[in-house]
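Q: task: produce atomic coordinates for the following.
(4 chains, ligands or ions: 4)
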Amino acid sequence: MDKLGLDPTVVARARRLAERAGAPVVQLARSHTTVSVERAVLRLAGVSGADSDGIPWVNRLVDAVRADVGLGHGVAVPVFDALAREGLDDVTVLAQKAAAGSVRFGVPERSGPAKRAARRATTAGLKRVDRRRIERERLIARLGDAPRRPWIYLIVATGDIYEDIPQAQAAARAGADVIAVIRSTGQSLLDYVPEGATREGFAGTYATQENFRLMRSALDETSRELGRYVRLTNYASGLCMPEMAVMAGLERLDMMLNDSMYGILFRDINPIRTFVDQRFSRQIHARAGIIINTGEDNYLTTADAVEAAHTVTVSQLLNEYFAHEAGLADWQLGLGHAFEINPEVPDSFRMELAHALLARELFPDAPLKWMPPTKHMTGDVFRGNLLDGFFNLAGVLTGQGILLVGMMTEAVVTPWLSDRDIALQNVRYVLGGAGDLHEDFVPAPGGFIRSRAHHVLGEAVELLEKIVDDTLLNAIADGTFGIMKRPADRGKGLDGVAAQEPGYFNPVLPAEDQR
Amino acid sequence: MDKLGLDPTVVARARRLAERAGAPVVQLARSHTTVSVERAVLRLAGVSGADSDGIPWVNRLVDAVRADVGLGHGVAVPVFDALAREGLDDVTVLAQKAAAGSVRFGVPERSGPAKRAARRATTAGLKRVDRRRIERERLIARLGDAPRRPWIYLIVATGDIYEDIPQAQAAARAGADVIAVIRSTGQSLLDYVPEGATREGFAGTYATQENFRLMRSALDETSRELGRYVRLTNYASGLCMPEMAVMAGLERLDMMLNDSMYGILFRDINPIRTFVDQRFSRQIHARAGIIINTGEDNYLTTADAVEAAHTVTVSQLLNEYFAHEAGLADWQLGLGHAFEINPEVPDSFRMELAHALLARELFPDAPLKWMPPTKHMTGDVFRGNLLDGFFNLAGVLTGQGILLVGMMTEAVVTPWLSDRDIALQNVRYVLGGAGDLHEDFVPAPGGFIRSRAHHVLGEAVELLEKIVDDTLLNAIADGTFGIMKRPADRGKGLDGVAAQEPGYFNPVLPAEDQR
Amino acid sequence: MSVVRPYGDTTGDGMVQVSFTLPLAHDKRAEGAALQLAGNMGLDPAMLVHARPMGEGYTFFVVYGRVTHLVDTGKVQVVERDYPLLGAKEINAVIKRRLRRRLSVVGACIGTDAHTVGIDAILNVKGIAGEKGLEYYRELAVTNMGAQVSVPELVETARAQKADAVLVSQVVTQRDAHLHNTRAMSAAFREALPAGRRPLLIVGGPRFDELMAAELGVDRIFGRGTTPRDVASYLVHALLGDRK
Amino acid sequence: MSVVRPYGDTTGDGMVQVSFTLPLAHDKRAEGAALQLAGNMGLDPAMLVHARPMGEGYTFFVVYGRVTHLVDTGKVQVVERDYPLLGAKEINAVIKRRLRRRLSVVGACIGTDAHTVGIDAILNVKGIAGEKGLEYYRELAVTNMGAQVSVPELVETARAQKADAVLVSQVVTQRDAHLHNTRAMSAAFREALPAGRRPLLIVGGPRFDELMAAELGVDRIFGRGTTPRDVASYLVHALLGDRK
Ligand code: B12
Ligand code: B12
Ligand SMILES: Cc1ncc(COP(=O)(O)O)c(C=O)c1O
Ligand SMILES: Cc1ncc(COP(=O)(O)O)c(C=O)c1O
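A: Ligands and ions are numbered 1, 2, ... in the order given. As a prediction, this is how the structure comes out:
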């Protein structure tokens, strides 16, 4: 597909610039660790459960290690050293003892045995992740996959896992290929992952390993009933991003929202914390065969979708670079973008087509995530359903990979059962009625759509040049993305970051990532 | 615009066949007259008003003439002969006397003076029509015209002219370029035109000359306020089709629904009656500079829009032939078609595009009238607004001339004030947002859209061949159009038809139409 | 379950959506008026989520909220199908056995209503929803008078055809046209024929309230989505009783 | 006009549209239940125009009909703007003249709510709807704390900045989060500061009922479509009185 006639040398230049802009941040990520990265390691090593206050044992254990020796060496060696010293073989028991204050942690001179033990333990966890990945592949082979692209992606958001489940199953029966369970407001700022099945979220349901398990198993049942594998999505974001990635791998989630900057911009999480957590979580996603979804769509809710169109492109290129660097393949890159131009703007629909096609042609092998209108949705639900229809059409005409279904009540409430049904009807009509209309969609040479796409790409290259000169962290501090200004030394969770000491050891990371 | 690659020899052949199929019917029309044609002549000659039962004086006068000498000579000579004999100069007064039984009518030996008098009187009427036409042209030049094609066409249908007027004005202010006042059910079967302002229609408002005048003058006011001329539409249909055409000419209506077969098929009006009335009414429309709208869209409410697509094409070709024969120019041909394919049909939208583009390319100079979905609209008003949006888009992509605005409540009620507002918002969004997207709409050579259009044209040619062989009247009797079977010797209003006698005289018709 | 509430996204949340126009110019007071109306309809709390001025003096509103009303399914009034749904074969067989002649049905769309698609769907062989129409039934003699039939014509034809049942369609409902026409029709039959010889009177159309049969003087009302089999089965039940 | 009714297409017709889901499988009884609910809402007659089964055990309905309720515009309850709308110049001038120092405003989006666009529209220079935000007013000293601010932090900052007014935004309303958070906030201020030294408490967001100020313990509520000038004018009015 070449409908825009983009200049390959400009495209190549944009990619090179993104790499140059991103490289220092990768360097930063490689030289730091965070409490959540270390907790994620412990989760893979088999630590589970929580204390009577609901604080997970991984938190208690990491806190204990940190209090004794800091985080700079990683927790693996101190923990497995202590485990051996205490003569235990269950790390969770160690965590309980540590929480009671009866264990001391240190970095042994001879770290070989502890490293080996740690690697054994985490390899067992990674093997479970691998098995889940194979299980997914088998289920898809056996049951069948989504019948077409784009995949139809629906959210549930009742706050109660036991209301979410039947709604998700109903949505799948009604045609959804992917179910996302939205998280409760506030969870992303918790520096621990809640435990167990939950019923009390606000505008979303807590992401817990048990909730993951319950929903995945309900959808497995529905998948069998429908004869097609229904995918499940959650969020590897917030202060526990790495742990979410591990839990997703362990419970066979299929896609995870995972952006390199979302937490910084929209949750005011510290930039360094985010970049470190992000890299680790993507390494896990790579291994788990999980598709990530990035969050460029969000920029267009705070910035203007026309003025800031090129910031989406820049961010997609950065997300692509970070993802590749962490080991993700192109098919795992659900790069985000959105239909957020003010519908009153002349030629708004044509401009949406230009932007959507630009993303499509820049990332031909990525399953782009196409987000519906939200910002310009109003309480006029009749108009809302219409806008969603044109959003769906733009998705079909430009070959988007993952269609996040828009709801007519976007400006009113988290989706009702009937909203989802109306929205799916809308999608079905547009996908069925327009069919292969993209064949007849040929942007006129020199016409509006091509010019607009070229223009946006040009602006993106310019912005990347500036970022390369000035550093990405400064660009973020200046409000380049989503007009949110986030200096590198501010934001939540910075105290959970530690520079790696010489000899930092993380049994989950590949050899080249060990100091 | 050549997007379909239609074969010009096939197109030419289709036109020739339509002419051959229509010619015998034109012959029929030229050799007959009807009560309504004759009443129309009297209206042009200045007969106005009604008796105390509301029966117009034109009816009383035509009935009286007919009782004495039949209709075969036309009423003009007997009437103006009697007028001279009675020493009157007001034909309405003659009608009143005739109704009281105090006048006898005959065909004088020497008809010259009566003919001259008749021509003088009707010429005065035609001059008024001419003045209205010039007035329209001047107003458009002075105030400005609709800002774009397609014209946005909205209906009002309260049944009460005094509710209609503010609603029409509100619609114009909200963006309508054309207002149509729908008629009360049943009016088309009345063999007279009601008089005066009316407030008691069912699902539409009576078409009376006074209602025409009131609405036109209200819209003139609004046109001045808005700085653009707002067009007014009504119906030259039913048993009084010729009179409606005259009234429209006299009151400066701008467009009239006027189909060659609608009355036959959907009102069970006798075919001969309809064809005779139709020809006369079109001759008047030609003179008045009125754009006619034909009714092919209706076939798709009773027949299936995919199976019967070619019957629409055939009917458009016939309507074109009849219209040209009656003196209408291409710019006056609002040929009808509609977005009525079952939305559940795969590729329905693409097929709509094929059909709409076929009409567009067959009739490049006609301002096609594009009708919204009605048949597959349901009480699901959310879905309804979506379908209307795709209808609007198809209109924009295929260059339709007159966009009849669809209402989300189509399956529920005649439009509410808010329905119209929501519908106009929909139109505005699609027209504004898609802009010149038609530039980027290029049906793939050999692709679905082109093939479908070629296929429908082929079916149309085949059907025309059959009609030429079997006669149009038989085709109508067999249910070819809209699956409605209407034999030529059945239906309402046949008793109002008379064969022209030698010497038939109609002062309004051109010389070549006089016997 | 016997008492239920509307469902937004949680059992018992009672959520509904409402829209309407008020003949008031858009301002705070008009919004308050909209909320007052929503309150009267039982929305509490009511959220006014959209207000749009239309022309001068009218405003369109969309309101969401929780209704306080409970729905008692035990007290629902509905015309349930109180007869068995039979197949074409059975229907023909019952008529043949019990009536020993073809059952005569006269159908029409009366008044100025010209919407024949509905009545044709019931009567014509072609039918609807995959079911053949009444003409397809060997033991039914169907006279379809088409549209815009006047009540006297209908009574006349029913008499001439010795109609066992008269089927009337009404689609246009503006200003209650369907109710006026139906009342006029049933009155005419009552006047023209003594109780014993009157045909079964059936009306149908998408906007009737099926509970109104008695009030309109007819035997049965059929609404949206009626199929020919529904009607044929009812005819057999009502005219010949259920016993086979 | 004092008593009005909803308007479909004719004055006084009372027509409205309603949609909702009932947790019932789709059948005649469910349709009857929908009509019962519509009846309870005051629709008479009610036309059930759409029913669509969703999954097992749920049906979505669309109902049109005439409501019997009247709207008495005389009895409408609304928070009218009871202060003059001033320009930026005037506002600055009044503050300068009457307060003799800059008026201190502290804004935040509290609880777990991270929707800052609304409060930013009020506070940031950029503003909204063509109006500059409060930061643009020379005589206002604005502290915008951003999102996800806890109530103790807010109280603390208000104290530190000697806030004359505290502006709180709440956009997420599921499970009445906005009401809980607002109540917690006003209670904390009542606890932390004596009546005389408490700042003016203002909350805003698209789904508040503006009539609930007293109930929530705040001085004023601003809803959909608020502009910075509305707020600035109110501040001057409430803190400095109207007299120039
Ligand atoms: C097709 C159609 C037409 C066609 C009719 C062709 C024909 N030969 O029938 C044409 C284009 C001619 C037409 C014209 C008009 N129409 Co029209 N039309 C429609 C439309 C699009 C579909 C109706 C239909 O065919 N439904 C399909 C059938 C199968 O459904 P049904 O009728 O409900 O029938 C089912 C049941 O109700 C039941 N049933 C029905 N009758 C009977 C009888 C018996 C005995 C039984 C047992 C069952 C039964 O069984 C049927 C099968 O399930 C509707 C809008 C819509 N989408 O509903 C407007 C609609 C009905 N029309 C409308 C109007 C106003 C008109 C006009 C009066 C407009 C005008 N002023 O010019 C004209 C004039 C017609 C006249 N004099 O009556 C309005 C009526 C508004 C109202 N509620 O009062 C509607 C709702 C559109 C609108 N929103 O304005 N129309
Ligand atoms: C933009 C947006 C976001 C952005 C926010 C970016 C940011 N930095 O603010 C992002 C993408 C991050 C986001 C995330 C989420 N969002 Co959000 N989001 C929206 C959206 C699309 C627009 C909101 C908006 O910006 N409106 C424009 C502003 C100008 O309007 P406003 O807020 O009403 O403000 C005006 C007035 O209300 C008033 N006002 C507001 N506050 C104040 C304060 C004072 C003092 C005064 C005087 C006046 C005032 O003045 C303002 C100007 O006129 C809405 C949907 C919609 N179209 O409304 C959903 C919406 C608000 N989001 C929603 C949800 C659920 C979420 C999430 C919780 C989803 C999840 N579980 O992940 C997350 C998490 C956020 C969190 N922790 O709070 C829901 C809330 C549902 C509900 N009613 O409870 C909505 C309605 C969408 C939906 N239907 O699900 N969201
Ligand atoms: C990329 C991305 N990450 C995460 C989230 C969810 O936010 P939170 O981390 O607060 O649950 C979103 C919300 O839409 C998102 O777009
Ligand atoms: C071509 C045409 N003529 C006439 C009419 C109106 O019908 P009547 O003549 O009954 O008013 C219509 C209705 O849509 C129509 O499409």
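
Q: need the contact list for the one residue in chain C that gets nearest to chain B.
A: The nearest approach of chain C to chain B comes at residue C:112, 2.8 Å away (CB to the nearest CB). In short, each C-beta sits where N, CA and C put it, glycine included. Contact partners of residue C:112, counting by CB atoms under 8 Å, 6 or more residues apart in numbering or on different chains, are B:184-186, B:189, B:202, C:148, C:172, C:177.

Q: check the gap between it and ligand 1 for me.
A: Taking CB to the nearest ligand atom, to the nearest Å as the measure, residue C:112 falls 5 Å from ligand 1.

Q: does that residue count as helix, strand or coil?
A: For residue C:112, the secondary structure call by DSSP: H, G, I helix; E, B strand; the rest coil comes out as coil.

Q: excluding its backbone neighbours, what's nearest it?
A: residue B:186 (2.8 Å; CB to CB, 6 or more residues apart in numbering or on different chains).

Q: how about residue A:126?
A: residue A:44 (6.2 Å).

Q: repeat that for residue C:95.
A: residue C:139 (3.9 Å).

Q: let me see the contact set for that neighbour.
A: Here residue C:139 is in contact with C:91-92, C:95-96, C:99, C:102-103 (CB under 8 Å, 6+ apart).

Q: which of the residues you listed has the most neighbours?
A: residue C:103 (25 neighbours; other CB atoms under 10 Å in any protein chain shown).

Q: what's across from it in the sheet?
A: Under the criterion DSSP bridges, residue C:103 forms beta bridges with residue C:140.

Q: check it and give its pLDDT.
A: Residue C:103 is assigned 97 on the pLDDT scale.

Q: just want the phi and psi numbers for the closest residue in space to residue A:378 that isn't next to it in sequence.
A: Distance criterion CB to CB, 6+ apart; nearest residue to residue A:378, sequence neighbours excluded, is residue A:411 at 5.2 Å. Note on residue A:411: its backbone torsions stand at phi -80, psi 0 [degrees, to the nearest 10].

Q: ok, residue C:209 - contacts?
A: Contacts of residue C:209 by CB under 8 Å, 6+ apart are C:221, D:45, D:47.

Q: does residue 17 belong to a helix or a strand, and which?
A: No chain in the question, so chain A it is. Residue A:17 belongs to helix A:8-30 when assigned by DSSP states H and E.

Q: ah, I was thinking of chain C
A: strand C:15-22.

Q: show me what the next helix or strand after the helix holding residue A:17 is packed up against.
A: Sequence-wise, the next helix or strand downstream of helix A:8-30 (DSSP H and E) is strand A:32-34. Counting by 3 or more CB pairs under 8 Å, 6 or more residues apart in numbering or on different chains; DSSP states H and E, the packing neighbours recorded for strand A:32-34 are helix A:271-288, strand A:497-499.

Q: can these go into CSV with extra columns for mean pLDDT, distance to residue A:103 and mean neighbour count?
A: Formatted as CSV, the helices and strands packed on strand A:32-34 follow (pLDDT from 0 to 100; distance: least, CB to CB, whole Å; neighbours: other CB atoms under 10 Å in any protein chain shown):
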stretch, mean pLDDT, distance to residue A:103, mean neighbour count
helix A:271-288, 98, 25, 26
strand A:497-499, 98, 20, 18
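
Q: longest helix in chain C, by residue count?
A: helix C:177-192 (DSSP state H).

Q: number of residues surrounding the residue of chain A found nearest ligand 4?
A: As assessed by CB to the nearest ligand atom, ligand 4 sits closest to residue A:382 within chain A, at 24.6 Å. Using other CB under 10 Å, residue A:382 is surrounded by 26 other residues.

Q: got a list of what it touches?
A: Going by CB under 8 Å, 6+ apart, the list of residues near residue A:382 reads A:408, B:381-382, B:385, B:408, B:422.

Q: using the three-state scheme, assign it.
A: Quick answer, by three-state DSSP: residue A:382 is helix.

Q: now the longest strand seen in chain C - C-alpha only, PDB.
A: Identified as the longest strand of chain C according to DSSP state E is strand C:43-54. Output of strand C:43-54 as PDB, limited to C-alpha atoms (Å, rounded to 0.1, in the frame of the first residue of the first chain):
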ATOM      1  CA  LEU C  43     -35.400  10.700  37.400                       C
ATOM      2  CA  ASP C  44     -33.500  11.300  40.600                       C
ATOM      3  CA  PRO C  45     -30.800  12.300  40.300                       C
ATOM      4  CA  ALA C  46     -31.200  13.600  36.800                       C
ATOM      5  CA  MET C  47     -28.100  14.700  34.800                       C
ATOM      6  CA  LEU C  48     -28.700  17.300  32.100                       C
ATOM      7  CA  VAL C  49     -26.000  16.300  29.600                       C
ATOM      8  CA  HIS C  50     -27.000  18.200  26.500                       C
ATOM      9  CA  ALA C  51     -29.000  21.300  25.700                       C
ATOM     10  CA  ARG C  52     -29.100  22.800  22.200                       C
ATOM     11  CA  PRO C  53     -31.100  25.900  21.200                       C
ATOM     12  CA  MET C  54     -33.100  25.400  18.000                       C
END
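
Q: any part of the helix or strand just after it near ligand 2?
A: Downstream of strand C:43-54, the next assigned helix or strand under DSSP H and E is strand C:58-67. No. Using CB under 6 Å from any ligand atom, strand C:58-67 stays clear of ligand 2, coming no nearer than 9.8 Å.

Q: run the chain-centre distance for the longest strand of chain C.
A: A distance of 32 Å separates the centroid of the chain from that of strand C:43-54, by CA atoms, centre = their mean, to the nearest Å.

Q: the residue in the stretch 301-450 of chain A positioned nearest to ligand 1 and residue A:70, how far apart?
A: Nearest residue of the stretch 301-450 of chain A to ligand 1 (CB to the nearest ligand atom) works out as residue A:382 at 15.8 Å. Here the criterion is CB to CB, to the nearest Å. By it, residue A:382 lies 59 Å from residue A:70.

Q: repeat for residue C:131
A: From residue C:131 over to residue A:70 (counting by CB to CB), the distance is 79 Å.

Q: now do the strands in chain C.
A: C:3-4, C:15-22, C:43-54, C:58-67, C:71-72, C:103-109, C:140-144, C:165-169, C:200-204, C:220-222.

Q: nearest to ligand 4, of these?
A: strand C:103-109 (13.8 Å).
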